[in-house]
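Asks: pasted the sequence and its predicted model underneath.
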Amino acid sequence: MSAPAIQFEKVTKTYTLCQHVAGGIKTFLFHLPAAVRQLRNNKFTALDEVSFEVARGEALGVIGPNGAGKSTALALIARVLRPNAGRITVRGRVLPLLELGAGFHPELTGRENIILNGVLMGLLRREVRARLGQIIEFSELGEFIDQPVRTYSNGMLGRLGFSVVAHLDPEVLLVDEVLTVGDAAFQAKCMRRMQEFRRRGVTMVFVSHDMHAVRVICERAMWLDRGRVRMLDASQAVTASYEAALAGGQARGEVPADGQA
Amino acid sequence: MRGLQYHLDLIYELTKKELKVRYKNSALGYLWSVLNPLAMAGVFYVGLGLIIGVRVPRGEDYPFWLLLICGLFPWQWFSNSVNACTNVYIGNANLIRKVAFRREVLPLATVLNDLVHFAVSIPVIVLFLLLARHRPTLAWLYGLPLLVLAQFVMTYSLSLVTGALNLFFRDLANLVQIFLQMLFYMTPIIYSLKWSRIAAFRHWLLVNPLASLISGWQTLFLEGRFSLGMWQLAMGYSVVMLAAGMLVHRKLEGKFAEVT
Ligand SMILES: Nc1ncnc2c1ncn2[C@@H]1O[C@H](COP(=O)(O)OP(=O)(O)O)[C@@H](O)[C@H]1O
Ligand SMILES: [Mg+2]
């Protein structure tokens, strides 16, 4: 077995809650002592000594109520956030699958957005241009590719986003609740695309409230609850326990947005 | 090696995007970048020149409106960039929260975008110089790039700080606007350092880094002369500001994704 693609060893991430600062300079200055005290003490632990591994080519589902720390975990993998304690090892090119349209500029055309997005995600210009034909073909956008993205429907935006990420050769793909938009047909298409990634051996961390999707896509799942790992096992078992807990009303979250539960 | 090529590519694409996007929906296109300073020059010419009767002192060889034009174009670059960069991180929050690219490329591309607009408006400055029977000189050959360099570094350095701080103090953008307005009058744009007969006053004005810079532009455009002293001063300020700006940015950038 090769080294795991992602390793979390007792990773802790705390956020500083700074309402006084967020409230603007005036609030900050008028409440200076309180604000400074708050900056020092008012920490919120979003992840608390979380440990897990994802093997190369594996898909790990991450589930849990809102505020459990799922997005925080993904941001740590993407190296957008730094942990306060613990160690994170990620091997390979990490790419996020962005929400619909995020990362695209509405005024630019599909083609211009592909190039900008590709470069933002770590490719050289010539590398993106070499793949441009494939990406456009994959997106099935036809002549719309030269229209501004603001004229696209959700389905078209999704196709464009997928095509870009699919052709950037991610080794680790991060998916954070992005498949919950669009109609049923669009979601079905997304599921097929996700499984294509799987077949290509892409390591995946898949955050979703859709237990069915987690079971289909992921071998294993991790249930996060208020910053702690509540369960880490085969996805069948974890989603079943989570659903049972939800039904019993002890998951402490609200009902999943679009769950099959 | 790939790192350098990659960042050049990234900056190139982001700047291209800024150029495309800024005037995409306006019929006049980037004529605006020329019309804006000209309109300001018109307002000051009417207000100060015609109504109040400000005159260029004896011994200075240019009309008042020409002085206005020579200062307002570089000022436009500076203030547009600082204003835009103050919001550049907030405006790209969704990217910053998800993708780990070097954050500085965003303000860098914005300042480059305004630099391009400044560059394409230089022929307009030349046109007005010719109207007043002035003309470009050989000193422009090195004066232009050197002053552009100083202004670029100065503008970028300030932008690094305002952009980063604005994430932590969301109303900084308003303060920056007020600050820029005050800075405008403390900078020799609607007047020249030479107009003041009190040397001490000139020295105090030069505490403002922008004063040396715009003064350099005025000397180049109006007298056809490159003022080494003013450029050295401006460049000195720029280097110090760059070091400070990078330091502040380095300290804060790790938290960007948390506060956007
Ligand atoms: N930038 C932030 N600043 C302060 N608190 C945050 C920030 N991001 C998330 N949190 C808090 O951390 C906890 C975990 O958030 P998140 O990882 O987004 O949860 P999830 O994605 O599971 O819904 C939440 O309670 C949230 O309020
Ligand atoms: Mg989340």
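Replies: Structure received. Ligands and ions are numbered 1, 2, ... in the order given.

Asks: every contact and neighbour count from this point should use C-alpha atoms.
Replies: Noted.

Asks: correct me, but B:Gln5 touches A:Leu124?
Replies: Yes - with contact defined as CA atoms under 8 Å, B:Gln5 counts as touching A:Leu124 (7.4 Å).

Asks: pLDDT at B:Asp9, what is it?
Replies: As predicted, B:Asp9 sits at a pLDDT of 96.

Asks: residue contacts, it?
Replies: The contact partners of B:Asp9, by CA atoms under 8 Å, 6 or more residues apart in numbering or on different chains, come to A:Val119, A:Leu124, A:Arg125.

Asks: narrow the residues you listed to those in helices?
Replies: A:Val119, A:Arg125 (DSSP state H).

Asks: most neighbours, which of the contacts of B:Asp9?
Replies: Counting neighbours by other CA atoms under 10 Å in any protein chain shown, A:Val119 comes out on top of these with 25 neighbours.

Asks: low-confidence ranges, chain B, go.
Replies: Within chain B, the segments meeting pLDDT under 70 span B:25-27, B:29-30.

Asks: what is the burial count for the nearest residue to A:Val90 once chain neighbours are set aside?
Replies: Of all residues not flanking A:Val90 in the chain, A:Ile6 sits nearest, at 4.6 Å (CA to CA, 6 or more residues apart in numbering or on different chains). Taking other CA under 10 Å as the criterion, the count of residues near A:Ile6 is 21.

Asks: and A:Ile6, its phi and psi?
Replies: phi -130, psi 130 (degrees, to the nearest 10).

Asks: which residue is nearest the centroid of the chain?
Replies: Using chain A. A:Asp176 (2.8 Å; CA atoms, centre = their mean).

Asks: you looked at the wrong chain, it should be chain B
Replies: B:Phe78 (1.8 Å).

Asks: was I right to think that residue contacts B:Leu158?
Replies: No - taking contacts as CA under 8 Å, B:Phe78 lies outside contact range of B:Leu158: 9.7 Å.

Asks: one step back: across the sheet, point out what pairs with the residue nearest to the residue nearest to the centre of chain A when sequence neighbours are not counted.
Replies: Nearest non-adjacent residue to A:Asp176, counting by CA to CA, 6+ apart: A:Val207, 4.7 Å away. A:Val207 forms beta bridges with A:Val62, A:Asp176, as assigned by DSSP bridges.

Asks: and A:Val207, how many neighbours?
Replies: 25.

Asks: check it and give its pLDDT.
Replies: At A:Val207, the model reports a pLDDT of 95.

Asks: residue contacts, it?
Replies: By CA under 8 Å, 6+ apart, the residues touching A:Val207 are A:Gly61, A:Val62, A:Ile63, A:Lys70, A:Ser71, A:Val175, A:Asp176, A:Glu177.

Asks: out of those residues, who's nearest B:His249?
Replies: A:Ser71 (24.8 Å; CA to CA).

Asks: how close does the closest one sit to A:Leu174?
Replies: A:Ser71 sits 10 Å away from A:Leu174, going by CA to CA, to the nearest Å.

Asks: more neighbours, the two?
Replies: A:Leu174 (24 against 20).

Asks: which parts of the stretch 51-200 of chain A sit against ligand 1?
Replies: The stretch 51-200 of chain A comes close to ligand 1 at residues A:Asn66, A:Gly67, A:Ala68, A:Gly69, A:Lys70, A:Ser71, A:Thr72, as judged by CA under 6 Å from any ligand atom.

Asks: most neighbours among these, which one is it?
Replies: Neighbour tally across those (other CA under 10 Å): the maximum, 26 neighbours, falls on A:Lys70.

Asks: hmm, that one is touching A:Leu76, no?
Replies: No - using CA under 8 Å, A:Lys70 is not in contact with A:Leu76, being 10.0 Å away.

Asks: before we move on, the earlier item: and the residue nearest to the centre of chain A, what pLDDT?
Replies: For A:Asp176, pLDDT reads 90.

Asks: same check on A:Glu140?
Replies: 86.

Asks: can you check A:Gln38 too?
Replies: pLDDT recorded at A:Gln38 is 66.

Asks: just the helices in the stretch 151-261 of chain A please.
Replies: Using DSSP state H, counting those that start in this stretch, the helices of the stretch 151-261 of chain A run over A:154-166, A:184-199, A:211-217, A:235-247.

Asks: which SSE is A:Tyr15 in?
Replies: Per DSSP states H and E, A:Tyr15 falls inside strand A:6-16.

Asks: tell me the residues of chain B that contact chain A?
Replies: Counting by CA under 8 Å from any CA of the partner chain, chain B comes close to chain A at B:5-6, B:9-10, B:13-14, B:17, B:20-21, B:24, B:94-101, B:168-172, B:254-255, B:257-258.

Asks: quick revisit: pretty sure the residue nearest to the centre of chain A contacts A:Phe206?
Replies: Yes - using CA under 8 Å, A:Asp176 is in contact with A:Phe206, at 6.3 Å.

Asks: so in chain A, where's the weakest helix or strand by average pLDDT?
Replies: helix A:19-22 (a mean of 54; mean pLDDT, DSSP states H and E).

Asks: after that one comes which helix or strand?
Replies: Defined by DSSP H and E, the subsequent element after helix A:19-22 is helix A:25-30.

Asks: show the contacting residues for residue 150.
Replies: No chain was given, so I picked chain A. A:Arg150 neighbours (CA under 8 Å, 6+ apart): A:Pro106, A:Glu107.

Asks: wait, chain B
Replies: Contact analysis of B:Ala150 by CA under 8 Å, 6+ apart lists B:Leu213, B:Trp231, B:Ala234, B:Met235, B:Ser238.

Asks: tabulate these in JSON lines, adding columns for secondary structure, distance to B:Ile198 and neighbour count.
Replies: Output for the contacts of B:Ala150, formatted as JSON lines (DSSP: H, G, I helix; E, B strand; the rest coil; distance: CA to CA, whole Å; neighbours: other CA atoms under 10 Å in any protein chain shown):
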{"residue": "B:Leu213", "secondary structure": "helix", "distance to B:Ile198": "20", "neighbour count": "29"}
{"residue": "B:Trp231", "secondary structure": "helix", "distance to B:Ile198": "22", "neighbour count": "23"}
{"residue": "B:Ala234", "secondary structure": "helix", "distance to B:Ile198": "21", "neighbour count": "27"}
{"residue": "B:Met235", "secondary structure": "helix", "distance to B:Ile198": "25", "neighbour count": "22"}
{"residue": "B:Ser238", "secondary structure": "helix", "distance to B:Ile198": "26", "neighbour count": "25"}
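
Asks: looking at those residues, spot the one nearest A:Gly57.
Replies: Once CA to CA is applied, the member of the contacts of B:Ala150 that ends up nearest A:Gly57 is B:Ser238, at 49.3 Å.

Asks: need the contact list for that closest one.
Replies: For B:Ser238, the contact set (CA under 8 Å, 6+ apart) comprises B:Ala150, B:Gln151, B:Val153, B:Met154, B:Ser157, B:Pro209.

Asks: turn those residues into TSV, columns for distance to A:Gly158 and secondary structure.
Replies: What follows is the contacts of B:Ser238, written out as TSV (distance: CA to CA, whole Å; DSSP: H, G, I helix; E, B strand; the rest coil):
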residue	distance to A:Gly158	secondary structure
B:Ala150	44	helix
B:Gln151	42	helix
B:Val153	40	helix
B:Met154	41	helix
B:Ser157	38	helix
B:Pro209	48	helix
